[in-house]
Structure formats: structure tokens, C-alpha cells
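*Asks:* I'll drop the sequence and a predicted model, then ask my questions.
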Amino acid sequence: MNLFEKIFNYRMMAQLDEHGALAVTAQERRWLLMMLEHPDAVAAIEADTLHKLQQSLSGSDEQPHTGNFRTIIIEKAASTTSSLYHPMLRTLRQMIVKKSGMQLHYFRKDGHLLPRQAGVPYKLEYSMVKREWYLLWYNRRTRSLMSTRLRSISSVEEMPVSEEFFNQAADALARQRDKRMQHAMIEIIPAYNRELSRILYAFSCFDKQVHYDELSDTYTIKLTFLGDETEYVLSKLRFLGLRVRVADHPYMKYRLREAAHKSLARYGDASALEPSQHNNGVMSAEAE
Amino acid sequence: MAKESFDKEIQFLRMLVLTSGAYNRQQFADRLGISVHTFDKTIRRLKDIAGTVQQQTADEQNKAMADMLRTSYYESADPLLLFLFRSKSLKESESYRLSLLIASLQEQSLTSMELLELCSEGMPGELALPDEKTIRSDLKYLEQAGVIRRLPGGRPQKYTAHNDFVTMLSDEELSDLYAFVDVMANTQVPSVQGYLLRDSLKKAMKRRQLPDGASDLFLYKYHYHSRILDEAHLYTIMQAIEARRKLSFHYFTPKSNQSYQSKNTNPMFTKESEGRLAEMLPLKIAYDHQYGRWYLLGYSAGRSGVAIFRMEGITQLEESGFVTEDEYMTKLASLERNTRYSWLVDMGRPVEVKVRFFNPDGAKRNFIKDRVLLQGQWGVITEEDDVSFLFEITVNGTQEIKPWLRSFGSSCEVLEPAALRREFIKEWKELAAYYEPVRKNIQLPDDGTA
């Protein structure tokens, strides 16, 4: 098996496309067959179809010589996944494709069931960190971008809207999202330049640009993220500890300083606890 | 012809993705151990591929490569880096011929002679006409790759495209399959075949005019994009493991400044490579979700016997000698024993770590406990009250679990071992110093009299 096959070549792909032809290799079919064994496949694909696919795929290729990924690959520090394929995923996906509106019943974080909300579904987002699906949607009443865990949705019903309205809502959401974008400059402490690769890997899950100043041998990372991701960025920064320093984001600087002082207080270093300049909503914000 | 190696492209793309525009051409080339000329050539080639794959407008193609690769997960789940696997070189006449063959075999079956005829008619004038031998060897290649299959029955042999599993599906079934492949490729490892299949299914849907494939409905947050570059070595390694063979390669430790060295064909000019030649018996491949990095684990005949390599540092990978099944099994059992308590891949001495986590004040949900349960691997919660809970875990060394514990900030207090507790106190003190309000340094006037 080789991932660099002639058949995957980019010109080849463009030409196949021109001819309207489909080319699937044995290794792709084996991959699919392996994935269909995943317990969540039944939630994604109708039982009949699943059976049909498995039969067609298992009969068609010789048994893989090197297909035993499951025993060779070990995954480390992964979050446990309760269920990968949420039962509502299919319904919501179809609604988005059809550009339909919806009526949504969902629970707030404190477990309170909210009255029915009307809105437009926009995208389905999976967090690799929380291992959780979210519905991004437009709330008609508040005209704002919402992000709701699929797990918290108790029911959803289709509610027709005009295509024009659907598209307007989608545009409004894209604009709101852009407005919520934040930037932060993160400086890598030059003493840790030897760990550059590790540090850059840790930030490679964000939208980032890196600046290198040759004279001072200093790297600075400009992160771009959504406002509600601040907590996750903060946990990444604490994760990296002394290797990085926030250069220009007052709120994050404040939070990191506070984390350090509060931690020292936990360890009995009383001098570390500053006279209370108390802060609202700091602990209630969600640390990922 | 020498076997085409993609080491340069892999290292090149990884550096582009990770350092996102930090280096100028010269700095970049220096760090890769290539010339600026090679740098320019490689960029041109990669741009050409990316442009074709993504069907970009001329405007987009003029963007700097680094900008193109900036992770734009807010807009799309299409991994741009996939184009690496589309970079195998191929002559124009060959790609034209192969695609023509595959196209002719969609939904019908033909013999090699019929295909030869079709090809001769279909090839553009400027390209060489194929002969029978060429067509036969093309068919053999396509059959081996599994793109076409031979129909049962006597001579003359008939061939057809091998995609019944797609053509037999109804529109709705195809949409479901596409969504499934999208989710699995994005959340499971390995993923490259899944992404390639996703591309093909997307096109199949476009042809049936199904709207699903047209836009990205699913987004995936916090993906480590460069992980798919490391999958390039996965299959060679797995093959070697299954065949009980050793591997040899040039290893560039991630701590060195250089991550690649071009092989100079003129021995007069060969510089001593910074990479180290390594030989080892591969046993396992580990994927680390914390950083999105791959590791190769195995045995080497060094002092410790244990061999851990970061996949990103491996170049010029080749299979070498065989080992006996007995030797393999013994080494594997020993590796499994040694990694049992590895938070990631550390095989050091097991240590008992005991920490107290504090429940969030006045929060609606105990997100601290949720996260500990989600990410705490095999650790257990041993005691619990309204304010806090105790978490205990045995790990090989404390180095690898430390960042995770630290990421909880003041919600986590390390109790044992004492050395780790002291390290945390020291680090928090230093971190606090990073963020002390800036006091203007009092500068003594430098009047040169000192």
C-alpha cells in the first residue's frame, strides 16, 4: 500500500473529473470497510445500506496484508468519546442541505428546558477537544449566532423558511462570527527556542501567523480566534507554561497572572494572594 | 529511475504549516538544508498542484503559499495538505491515457482491444498513441491499485471500473455515506485514505446534482492539520511491522535546526549530514492527541534498547533485515510492559501522582470534573466532596502529564510526588513574574564614566 499512487496524482484527478469518472482504489475501500466496523456506523447509515455496503466491500478485495491498524496504532492522551455520531446529526444535516428553518427545544447549561425557539440551522461543528457536536444556528428572536450542544437539544422540527431568508441568516452569522474574532500576540521565550517544534505543534490547531526576528532570535505567534474560544486558548497557554508569554491581550494577561497567584495560594504561599480586585465571571467561564 | 521520495515535500510543507510565514526564502532554505533555487522550484510545483486540486482562481494562486496553508477551519473542512499525496509525478500522456481508460470503464465492461481502440481515438493529437503492450500494462496497474476489476469469464478478458459500492447507492444513501466518510476522516486515524475517498464521493454527488457535496456542513475545531503529513510513512512502517522487518532511516531530531538534507549526487560536494542514521525494529506507532504528533516505537540495539522516534524527523525510510517471530514477540511484550503507564510515550520509572482538583465556584456545571473524566486517561477519582476531588494516577515519569495538570491552572493542586509539587510552585512563581505590572526600569544615566 502506498499513499503516493499515480492514480492520486493531481492532473489525473482533474482529468477524471473532466470525464465525469470515478476512481476508487482498494486501499480506500479497505479504509471504509474498517470504518464501517465502528460501533457508530449504525447511527450514520441505515441498517440495510450498511449491510449492502459491507457485503459489497468485503467480497470485492483480497484481504489486506497491512490492514491491521487497530493493533499497531496506539492513541495517547485522547479524550474519551461517548458517541461520535449523534442521532440528530442526520436530521440536522438534511435540514441545512434543504435550507430549511427549524423549531428548537433545548436545555440550558443549568439543565433548564427553554421554551421553543425558532431559528435557522447553519453548520454542525465537532470539537476534537470536547469530543462533542454543536449546532451553530441563527436565533430569529435575538438575531444572533448560537452554538448549542447536540446533547442539549431535546427536539427539533422543520419549519419552512424562504431561501432568501435562509441565505440572509447565513450571511448575518458569517458577519457576526467575523466580528467575534480576536487576536493575541504570543511570544516564545527565546530560552525555549529548542522546543520550537513542540510549541508550534501545540498552536497548529489555531489560525496563526508566525513572525521571526532574526536579531533577537525571537518568535512571535499571532493567534486569531473566536471570543468564546478564549478559555481554550488560556488552557493551552497554561499547558505550555513558561515557554510562552502573552504580549498584548490584557484580559488573557490578567487571567494568567490570576491563575499563578491563586495557584500559589493553594500551595500555601499566602503572599501570593493579592488584595482582592475581584473579577466577575472569571471562574464561571468554561475552562476547556 | 530512483524511487521517488517525498521527504523534501513533506518537510517543506510541515515547516510551512508550522512556521506560517516566519522565515524568508533564505532562512527557510537554510533550515531545510536546500538551496534557495530549490526552494523556489518546490514552491512553484506545490502551487501548481494546489491550484489544480483546489481549482483556484488566478487571484488565489498569487497568494503566498504560507497564507494558503493558514488553517481556515472556520470556513472549510477540506484539508489543503492532502495535495501532498497528489504530487506523484506522472507524464501527461500517461495521466491522459489512464483517465481515459477509467472513464471508458464506468458502467460498462470492455476488453483490452476495445480499450486500445477507444484510446487511440480519444487521445489528443499531440500525445503519442498507445500500443497494445502499453494498454495491457496500464490495465495491470489499474487492476493492482483496485480501480478496475476483471469480470469473471473466459477470454477475451473484460474489465470494468471497481466502484459498484457507490453506483449501487440511492441518492439518499450516497449522501449518508458521504457524511459518514467526512466525519470518520476528520475524527479518526489514519485519515488520508478517508480524505481521498471523500474527494471522490464529493464528485460522485456533484454528478448526481446532490446539494450535500457542494458546501461544508461539518466543521471540525482544533484539528492538528500537519498530522496527515506524517501518515506518509505509516504504511511502510506497518508493512515492516507485519513482515517483522527492521527499518533504517536518517533521523533529524526536532531539536536540531535542520529537518532535511538534500542528497547530493556529486560526492565532492556532500556536506556531512546533520541527520543521524538509525536502525531499529518497529513495534508500534503512537498518535499523540495532545500535540497531534506521531511516534514510532520499537527496539534498537543501543544502550537502553528502547527506541522512540518522532515521525516528523524520519527521512529516507527503508526496510532492512528480518527478525525471528520469537525475537519480535519478546521485544513487543517488553515494549507493551514499558508503555503501559506512558501518558504519551515516556518509558521511565512509574510514579504515583496524586492531585486535588477544585470544583468551579458557582458554575452551572462541574466542567473541571467533566474534563478530568474526559482526558484523565486511566487515572481514578478516589475521594470527593462539595469543594474538590482527589485524582490518582500511575504514570511513567511526571514530564508528560505535567502540562496537562498545569493547564487546569488554580483548579489543580499537586499533592504527590513532592518533587512535582515543588516544580509547580517554582513555575507558578516564575509565571506570575511574567505578568507583573510593568515597573519602569530605573535606568541610570550612562554618562560613560563607569
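*Replies:* It's in. This is a predicted model, so every value here is computed, not measured.
*Asks:* residue in the stretch 101-250 of chain B nearest to chain A?
*Replies:* The nearest approach of the stretch 101-250 of chain B to chain A comes at B:Gly146, 2.7 Å away (CB to the nearest CB). Heads up, the C-betas are built off the backbone N, CA and C, glycines and all.
*Asks:* what about the helix or strand harbouring B:Ile237, near chain A?
*Replies:* Element membership for B:Ile237 (DSSP states H and E) is helix B:234-242. Yes. Residues of helix B:234-242 contacting chain A under CB under 8 Å from any CB of the partner chain: B:Leu234, B:Tyr235, B:Met238, B:Gln239, B:Ile241, B:Glu242.
*Asks:* buried stuff in stretch B:140-150?
*Replies:* B:Tyr141, B:Leu142, B:Glu143, B:Ala145, B:Gly146, B:Val147, B:Ile148, B:Arg149 (16 or more other CB atoms under 10 Å in any protein chain shown).
*Asks:* hang on, the earlier thing: just the residues of helix B:234-242 next to chain A now: which is nearest B:Tyr434?
*Replies:* Nearest to B:Tyr434 among the residues of helix B:234-242 next to chain A, counting by CB to CB, is B:Leu234 at 39.4 Å.
*Asks:* for that closest one, give its distance to B:Ala286.
*Replies:* 12 Å (CB to CB, to the nearest Å).
*Asks:* what residues are shared contacts of the two?
*Replies:* Taking CB atoms under 8 Å, 6 or more residues apart in numbering or on different chains as the contact rule, B:Leu234 and B:Ala286 both touch B:Trp294.
*Asks:* just the pLDDT for the spatially closest residue to B:Asp176 that is not a sequence neighbour.
*Replies:* Distance criterion CB to CB, 6 or more residues apart in numbering or on different chains; nearest residue to B:Asp176, sequence neighbours excluded, is A:Ile45 at 5.2 Å. A:Ile45 carries a pLDDT value of 92.
*Asks:* what sits against A:Ile45?
*Replies:* A:Ile45 is in contact with A:Leu36, A:Leu53, B:Glu173, B:Asp176, B:Leu177, B:Phe180, counting by CB under 8 Å, 6+ apart.
*Asks:* next, give me the two most distant ones among these.
*Replies:* Taking CB to CB, the two most distant members of the contacts of A:Ile45 are A:Leu36 and B:Glu173; they sit 13.1 Å apart.
*Asks:* phi first, then psi, for B:Asn282.
*Replies:* Actually, residue B:282 is Pro. It isn't Asn. Main-chain torsions, B:Pro282, degrees, to the nearest 10: phi -80, psi 140.
*Asks:* what pairs with it across the strands?
*Replies:* Assessed by DSSP bridges, B:Pro282 has beta-bridge partners B:Gly298.
*Asks:* which ones are touching it?
*Replies:* Counted by CB under 8 Å, 6+ apart, B:Pro282 has contacts B:Ile237, B:Ala240, B:Ile241, B:Lys246, B:Leu247, B:Leu296, B:Leu297, B:Gly298.
*Asks:* please name the nearest non-neighbouring residue to the third one.
*Replies:* It refers to B:Ile241. B:Pro282 (5.1 Å).
*Asks:* per-residue confidence at that neighbour?
*Replies:* 95.
*Asks:* one more: B:Ser226?
*Replies:* The model reports B:Ser226 with a pLDDT of 80.
*Asks:* try B:Leu444
*Replies:* On pLDDT, B:Leu444 comes in at 49.
*Asks:* how does chain A divide into domains?
*Replies:* A:6-72, A:88-179, A:181-272 (automatic domain parsing).
*Asks:* in CSV: those, plus distance to B:Gly362.
*Replies:* Shown next, in CSV, are the domains of chain A (distance: least, CB to CB, whole Å):
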stretch, distance to B:Gly362
domain A:6-72, 36
domain A:88-179, 11
domain A:181-272, 15
